[in-house]
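Asks: Curious how this folds, go ahead:
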Amino acid sequence: MLISDLQQIPGRTYPARRRTQNVVGGAAPIHTTEFSMGFVTLEPNGGQVPWHNQEQVEVYFVVSGVGEMCLGEEVCELHAGQAVHIPSGVFHQLSNKGDAPLTFIYVYGPAGDVAHWKQELAGTLPAAGKDAPPLPQGAQFPQITEPPAGGPIHI
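Replies: Below you'll find the predicted structure:
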């Protein structure tokens, strides 16, 4: 029996102030080609998954906290207990609006790496409104595109 234990998964911290722990796929003990799943913690007051798109269909399920979800040309507030469907190819961003960490579970399929993880670590994310579509009107949080302190991280 394969069990992925969140308490045993160190995860990775990204420049946009989030920690991602792969539960299924990647370095996790459970591997499948159908989907990937993980647990994300966004730091208070602006920690985010920056504006990006990917070919996989994805769902975010908010476990705790409150966030600003930008999806295509829409922006809305997401709360604990809510899930959002992210269609293939659509740009999206989730930012923590609260004073406490925002936690959520992501599931996307098919399984595999998504480019924005490596782009963020390397400081090469396509910039909203320049190399990518602009954030939707009314978005309160700009896309975080700065590379980590000390320069790009190569993985």
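Asks: tell me the contacts of the nearest residue to Cys76 once chain neighbours are set aside?
Replies: Excluding the flanking residues, the one nearest Cys76 by C-beta to C-beta, 6 or more residues apart in numbering is Met69, at 5.5 Å. Using the backbone N, CA and C atoms, a C-beta is placed for each residue, glycine as well. Met69 is in contact with 60, 75-78, 84, 92-94, counting by C-beta atoms under 8 Å, 6 or more residues apart in numbering.
Asks: I'd say Pro50 and Pro126 touch.
Replies: No. Judged on C-beta atoms under 8 Å, Pro50 makes no contact with Pro126 at a distance of 9.7 Å.
Asks: If you count surrounding residues, which of those two has more?
Replies: More neighbours surround Pro50 than the other of Pro50 and Pro126, with 26 against 19 (other C-beta atoms under 10 Å).
Asks: so how far is the helix or strand hosting that one off the chain centroid?
Replies: Pro50 is part of strand 48-52 when elements are defined by DSSP states H and E. Centroid separation for strand 48-52 versus its chain: 6 Å, with C-alpha atoms, centre = their mean, to the nearest Å.
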